[in-house]
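Visitor: Build the 3D model from these lines:
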Amino acid sequence: MDTAGKEVLVFGLGISGIGAGSLLEKRGARVVLYDGNEKLDKDKIREQLGEDSSARIITGPFPEELLGELDLVVLSPGVPTDLPVIEKMREMGIEIIGEIELAYLFGRGEILAITGTNGKTTTTSLLGEIAKNAFDSVFVVGNIGNPYTAVVDQTRDDSVIVAEMSSFQLESIVTFRPRVSAILNLTPDHLNRHHTMEAYIQAKENITRNQTEEDFCVLNYEDEVLRKFGESLRAQVIWFSSARKLEAGIYLEDGHIIYRGAKGAEELLCSVDELQLLGTHNYENVMAASAMAIAYGVPMDVIRDTVKAFRGVEHRIEFVAEKGGVAYYNDSKGTNPDAAIKAVQAMKRPTVLIGGGYDKQSDYREWIESFGGKVKLLVLLGATKEKIAAQAKECGFTDYVFADSFDEAVQRAASAAAPGDAVLLSPACASWDMFRSYEERGDKFKEIVNSL
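Guide: Coordinates of the predicted model:
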């Protein structure tokens, strides 16, 4: 893509937008940075861009007169693709791509890309570690917090780019083609953005859209939607399963993770007792990352050594401390009911659970039903607390209390826990009603726990 001398709008000024703007300026584009949030500090944005930047920065209501000047629009992942102004751009024939597509067009190397509702960050982090132990030039990018556009100029022809892809990022790809892709699972999430489960699934499945018979796609055999989807793919499918022995693929059997090649030869990856990760969902993440590495030709001994050493990711069932015989776990990354179910299932003690937050139009009944006598008290806070309480009552669960602040929620949980119990922050909701990110929420939890 040649952007030299072209007028390019970057829509959305998070870290992805800043990365895209910087890359475009290096490629000679005349860049306009826009965000609807008029409270953004333009000086801070200018500082992030660097003193050489000549990009225009616009915030607040979108200036309609700008539309006639644009050659290209680059959408940040947080920008809904069905906004009226975006629809108008399409009608005018303005080319629209996402930040991921922009990076792909300018970047070099091959891509190993992961999506799914839950487990993306753990799987991406683990695959990134495996790749770093096997190759010289490795970049871990995407939804994991490191914009792909920010590393493009460092990539080489022999680079391996391990990318965590959200549904928001996959909505706006055009030619993006991973050498190996993975879809870990599909459960309801982000329906406030995608509106229907069908649209959400379609966005996730987009990761395979440009793959060919030379490429690979790793899929969860226990997900009915993915099992059917696998039948229609051009890419070669590698299945993983935590529930059954597969004729070919990678599976969990009697506490062992086993890889079975297309010719039927079996090879032991490891025992789950050798892993430092808790829970069946994490065994699935290990299987998915390992299958992707196998497909890409990484030696089994490198994969084996890496998965055994891997300690997991921050904010995902992260052990914080033990205070007064109570174990505290930070699962702030449990931002939807399905992820939060996995965290409850991983607990091996009676649990005081902290939940609630920003409403993504989720249903919480299945989460509540997963408590199964393990959750002794649910401390609710945030925008969803009344909704969750009502659904808890419907499910016959009444052991809940409300908290007006995050500090109060942690203190109430600590007071309710007895020696031998666990306190688990796994909100089943996004953080945006009280915090800027789930990371900030998790850091606050750890700060409070460590001060108890």
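Visitor: all strands for the stretch 301-450 of the chain, in order.
Guide: Under the criterion DSSP state E, counting those that start in this stretch, the stretch 301-450 of the chain contains strands at 318-323, 326-330, 351-355, 375-380, 400-402, 422-425.
Visitor: what's the answer for the stretch 151-300 of the chain, then?
Guide: Under DSSP E, counting those that start in this stretch, the stretch 151-300 of the chain gives strands at 160-164, 180-183, 216-220, 236-241, 249-253, 256-260, 266-271.
Visitor: Just put those strands in TSV and tack on mean neighbour count and distance to Pro419.
Guide: In this view, the C-beta of every residue, glycine as well, is placed from N, C-alpha and C. As requested, the strands of the stretch 151-300 of the chain are exported to TSV (neighbours: other C-beta atoms under 10 Å; distance: least, C-beta to C-beta, whole Å):
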stretch	mean neighbour count	distance to Pro419
strand 160-164	27	38
strand 180-183	28	41
strand 216-220	27	38
strand 236-241	22	38
strand 249-253	21	33
strand 256-260	19	34
strand 266-271	14	31
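Visitor: Let's have these in TSV, adding mean pLDDT and distance to Lys308.
Guide: Formatted as TSV, these follow (pLDDT from 0 to 100; distance: least, C-beta to C-beta, whole Å):
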stretch	mean pLDDT	distance to Lys308
strand 160-164	97	19
strand 180-183	98	21
strand 216-220	98	20
strand 236-241	98	18
strand 249-253	97	16
strand 256-260	97	11
strand 266-271	96	6
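Visitor: closest to Ala413 out of those?
Guide: Of all the strands of the stretch 151-300 of the chain, strand 160-164 sits nearest to Ala413, with 30.1 Å by C-beta to C-beta.
Visitor: In terms of secondary structure, what does that closest one contact?
Guide: strand 110-115, helix 120-132, strand 138-142 (3 or more C-beta pairs under 8 Å, 6 or more residues apart in numbering; DSSP states H and E).
Visitor: Kindly provide the distance from Glu198 to Glu205.
Guide: According to C-beta to C-beta, to the nearest Å, Glu198 stands 10 Å off from Glu205.
Visitor: would you turn the strands of the stretch 151-300 of the chain into JSON lines with distance to Thr335?
Guide: Formatted as JSON lines, those follow (distance: least, C-beta to C-beta, whole Å):
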{"stretch": "strand 160-164", "distance to Thr335": "14"}
{"stretch": "strand 180-183", "distance to Thr335": "18"}
{"stretch": "strand 216-220", "distance to Thr335": "20"}
{"stretch": "strand 236-241", "distance to Thr335": "23"}
{"stretch": "strand 249-253", "distance to Thr335": "26"}
{"stretch": "strand 256-260", "distance to Thr335": "27"}
{"stretch": "strand 266-271", "distance to Thr335": "29"}
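Visitor: And those: which comes nearest Val74?
Guide: strand 160-164 (17.0 Å).
Visitor: Name the residues that touch the closest one?
Guide: 100, 107, 109-115, 120-121, 124, 127-128, 131, 135, 137-144, 148, 151, 155, 178, 296 (C-beta atoms under 8 Å, 6 or more residues apart in numbering).
Visitor: and it, which strands flank it?
Guide: strand 110-115 (parallel), strand 138-142 (parallel) (DSSP bridges).
Visitor: among the ones you listed, which is nearest Met89?
Guide: Of the strands paired with strand 160-164, nearest to Met89 by C-beta to C-beta is strand 138-142, at 24.4 Å.
Visitor: Thr59 is in contact with Glu38, isn't it?
Guide: Yes - if you go by C-beta atoms under 8 Å, Thr59 and Glu38 touch, sitting 4.7 Å apart.
Visitor: The two: which has the busier surroundings?
Guide: Shown here are Thr59 and Glu38; by other C-beta atoms under 10 Å, Thr59 has more neighbours (17 against 10).
Visitor: For Gly12, see how far away that one is.
Guide: 11 Å.
Visitor: got any residues that touch both of these two?
Guide: 34-35.
Visitor: Contacts only, for the residue nearest to Thr122 when sequence neighbours are not counted.
Guide: In this structure, Thr122 finds its nearest non-sequential neighbour in Asn285, 4.6 Å apart by C-beta to C-beta, 6 or more residues apart in numbering. Contact analysis of Asn285 by C-beta under 8 Å, 6+ apart lists 119, 122-123, 126, 184, 277.
Visitor: 6 Å instead, please
Guide: The contact partners of Asn285, taken as C-beta atoms under 6 Å, 6 or more residues apart in numbering, are 119, 122-123.
Visitor: Equivalent analysis for Gly442, please.
Guide: 315, 330, 332.
Visitor: and with 8 Å instead?
Guide: Here Gly442 is in contact with 314-315, 318, 330, 332-333, 425 (C-beta under 8 Å, 6+ apart).
Visitor: State the distance from Pro300 to Gly261.
Guide: Actually, residue 300 is Met. It isn't Pro. Met300 is 11 Å from Gly261, by C-beta to C-beta.
Visitor: Identify whichever of the strands of the stretch 151-300 of the chain lies nearest to Ala430.
Guide: Nearest to Ala430, of the strands of the stretch 151-300 of the chain and by C-beta to C-beta, is strand 160-164 at 17.0 Å.
Visitor: what angle sits between that closest one and helix 120-132?
Guide: Computed by axes from the mean of the first three to the mean of the last three C-alpha atoms, to 10 degrees, the angle separating strand 160-164 from helix 120-132 equals 170 degrees.
Visitor: So Asp363 is in contact with Pro337, correct?
Guide: Yes - counting by C-beta under 8 Å, Pro337 is a contact partner of Asp363 at 7.0 Å.
Visitor: TSV please, covering the contacts of Gly442 and showing neighbour count, pLDDT and distance to Gly5.
Guide: Shown next, in TSV, are these (neighbours: other C-beta atoms under 10 Å; pLDDT from 0 to 100; distance: C-beta to C-beta, whole Å):
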residue	neighbour count	pLDDT	distance to Gly5
Glu314	15	88	43
His315	23	93	43
Glu318	19	90	48
Asn330	27	96	49
Ser332	26	97	45
Lys333	27	92	42
Leu425	31	98	50
